[in-house]
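Visitor: Fold the following for me, if possible:
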Amino acid sequence: MYLASNLKILRKKSGKTQDALSVDVKIGRTTIANYEAGVSEPNLETLLTFSNYFGISLDDLLSKNMEESLKSKEKDLMLRSAFSKKGADRPVFSAKPIIGYSNIPKIITVDNSGNDNIIYVPVKARAGYLNGYGDVEFMETLPTFRLPGLNNATYRMFEVDGPSMAPNVLHGDRIIGEWIDELDKIRDNRVYVVVHTGGVAVKRVVNRLKERGKLYLKSDTIVHRHEFPTLEIDPEDVKEIWYGRMKLSSDFSEPAEVYHRLADLEMDVMEMKNLLKKGE
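Guide: Numbering: from 1, shown residues only. Predicted coordinates:
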């Protein structure tokens, strides 16, 4: 049965986000996300709602592999376009497809009202998370919570390990990330949590998918920069990516030395002004 993938394809083809589709068919966004992920299945009445909305038969919605059908049509159109132009003997180039990345996380947890919870991934759970991000039993062992103001998206919190992002993000800080449904949406030099085949990384990301088919993960640290070289990642190796929306930190370090020097200089200037006034 192709229901999960077909729903996703039909929604995208119609130009609808999950939120927009939710409003149109009066079904919760999280419920639609779970249908598309194959976590749950709609009843007959809901299936008929989708069938009528997208103008497709119930049999096609359940049994037809629309992904393969669309690929076949797109390939045919591309070939026709190439050979209808002058110089049709030139090679036809196409962008390297991104394989395996989903537009929703594999596991989503919700509260009693159907709102997405924020799952917390502490450092001690990171190794397990790399293998268990799609395992319901493992994900149920992780703490969940909600924060005001973080709505209408799926969020996850990761504990930062190591000094690679200091001084902006410190060891022990917590990054709350928003799920990125398409890798093309990654913005240059923003902080992301990237779950890839090599581990879980909190880095600044440079998106060169269109130019080179690569993502580059950079560290902020200067003191330890020789320990943390820029990583080159293939999109096929990315399992999850979360855009850093909020940082929670318990660090109350004193201001940097430069700040101290500026403060001392400011005090000296003030003292000189006072002396000059007294001498007038």
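Visitor: pLDDT weak spots in the stretch 151-280 of the chain?
Guide: 254-263, 280 (pLDDT under 70).
Visitor: What segments of it are helices?
Guide: 209-212, 257-279 (DSSP state H, counting those that start in this stretch).
Visitor: Tell me which of the ones you listed lies nearest to residue 238.
Guide: With Cβ to Cβ as the measure, helix 209-212 is the member of the helices of the stretch 151-280 of the chain nearest residue 238 (10.2 Å). All C-beta spots, glycine's among them, are computed from the backbone N, C-alpha and C.
Visitor: That closest one: how far from the chain's middle?
Guide: Taking Cα atoms, centre = their mean, to the nearest Å, one finds helix 209-212 lying 18 Å from the centre of the chain it belongs to.
Visitor: Please apply the same query to stretch 1-8.
Guide: Computed by Cα atoms, centre = their mean, the chain-centroid distance of stretch 1-8 equals 22 Å.
Visitor: what about dumping the CA coordinates of that stretch to PDB?
Guide: The C-alpha trace of stretch 1-8 is given here as PDB (Å, rounded to 0.1, in the frame of the first residue of the first chain):
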ATOM      1  CA  MET A   1       0.000   0.000   0.000                       C
ATOM      2  CA  TYR A   2       1.300   3.400  -1.000                       C
ATOM      3  CA  LEU A   3      -1.000   5.600   1.100                       C
ATOM      4  CA  ALA A   4       1.800   7.400   3.200                       C
ATOM      5  CA  SER A   5       4.000   8.300   0.200                       C
ATOM      6  CA  ASN A   6       1.000   9.200  -2.000                       C
ATOM      7  CA  LEU A   7      -0.400  11.600   0.600                       C
ATOM      8  CA  LYS A   8       2.900  13.400   0.800                       C
END
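Visitor: and it, what's its mean pLDDT?
Guide: Average pLDDT, stretch 1-8: 86.
Visitor: Then stretch 127-137?
Guide: Stretch 127-137 comes out at a mean pLDDT of 89.
Visitor: residues touching the residue nearest the centre of the chain, list them.
Guide: What sits nearest the mean C-alpha location of the chain, by Cα atoms, centre = their mean, is residue 180, with 2.7 Å. The contact partners of residue 180, taken as Cβ atoms under 8 Å, 6 or more residues apart in numbering, are 186, 192, 241-243.
Visitor: Residue 115 now?
Guide: 30, 146, 151.
Visitor: Buried members of the residues you listed into PyMOL, please.
Guide: This is the PyMOL syntax for the buried subset of the contacts of residue 115, where burial follows 16 or more other Cβ atoms under 10 Å:
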select buried, resi 30
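Visitor: and which of the contacts of residue 115 is nearest residue 165?
Guide: Nearest to residue 165, judged by Cβ to Cβ, of these is residue 146 at 25.8 Å.
Visitor: Need phi/psi at the residue nearest to residue 117 when sequence neighbours are not counted.
Guide: Spatial nearest neighbour of residue 117, excluding adjacent residues (Cβ to Cβ, 6 or more residues apart in numbering): residue 144 at 3.9 Å. Backbone dihedrals for residue 144, given as degrees, to the nearest 10, come out at phi -130, psi 150.
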